[in-house]
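In: I need the structure of the sequence given here:
(one chain, ligands or ions: 2)
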Amino acid sequence: MTNTIAIVGRPNVGKSTLFNRLVGERKAIMDNQSGVTRDRHYGYGDWTGKYFTVIDTGGYVVGSDDVFEEGIRRQVKLAIDEATVVLFLVDLDAGLHPLDEEFAEVLRRYGNKKPIYLVGNKADSAQRVQSVGEFYSLGIGIGDIFTISSQTGSGTGDLLDAVVSHF
Ligand code: GDP
Ligand code: MG
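Out: Ligands and ions are numbered 1, 2, ... in the order given. Next up is the predicted model:
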């Protein structure tokens with residue numbers, strides 16, 4: 001079986017941006033229109049000689065009630081089923097969001113058999129890196145929270161080092 005990294009999290013935290021960075025090509029659909037169904041996208045990448053599949057989740061209809069309960073549950077279940085490692089992405093710029101709590105709750109319920117890393121994205125400034133503290137209240141993730149910028153790529157090397165240690 002291929003080693004698989006699943007990226008989960010609420011809309012707009014930067015899942016597709018991270019996906020594109022990890023696979024090195026623009027394979028995910030980045031559509032900011034609301035009401036558009038976003039399916040999961042699969043891409044392929046490698047790090048230090050280890051090859052992996054990346055799943056960009058988010059197969060719910062943005063702007064509908066589906067983004068809550070059912071959408072989250074479905075996204076998490078599919079990610080847990082298919083993933084070797086789960087990256088739970090949050091947005092350091094926006095801060096802790098109620099939907100982050102919902103994801104954390106569902107991940108805690110279904111994800112206890114897979115390694116989950118909590119990843120603070122949009123760490124583009126020292127100020128944002130400092131805002132990571134409040135996310136520890138989510139009570140999920142192995143070790144420290146990784147802080148990355150999917151846009152610039154900073155921090156993604158350290159994250160990948162940790163991820164591929166499970167492969
Ligand atoms: P998704 O809905 O979780 O897939 O999020 P997207 O990847 O579509 O990103 C949502 C928005 O956040 C877009 O405008 C991205 O350009 C922006 N974004 C993603 N990563 C970063 C980052 O590291 N820093 C900053 N400043 N913006 C980011
Ligand atoms: Mg997306």
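In: Please report the distance of the residue sitting furthest away from the middle of the chain from ligand 2.
Out: Distance to the chain centre peaks in the chain at residue 49, reaching 22.3 Å (criterion: Cα atoms, centre = their mean). Distance of residue 49 to ligand 2, computed by Cβ to the ion, to the nearest Å: 28 Å. (C-beta placed from N, C-alpha, C; glycine too.)
In: so what's the residue nearest to residue 132 when sequence neighbours are not counted up against?
Out: The shortest distance from residue 132 to any non-neighbouring residue, by Cβ to Cβ, 6 or more residues apart in numbering, is to residue 120 (4.9 Å). The neighbourhood of residue 120, defined by Cβ atoms under 8 Å, 6 or more residues apart in numbering, consists of 90, 91, 92, 128, 129, 131, 132, 135, 145, 146, 147, 148.
In: rerun at 6 Å
Out: Residues in contact with residue 120 (Cβ atoms under 6 Å, 6 or more residues apart in numbering) are 90, 92, 132, 145, 147.
In: So for these, which is the shakiest by pLDDT?
Out: pLDDT across these is lowest for residue 132, at 94.
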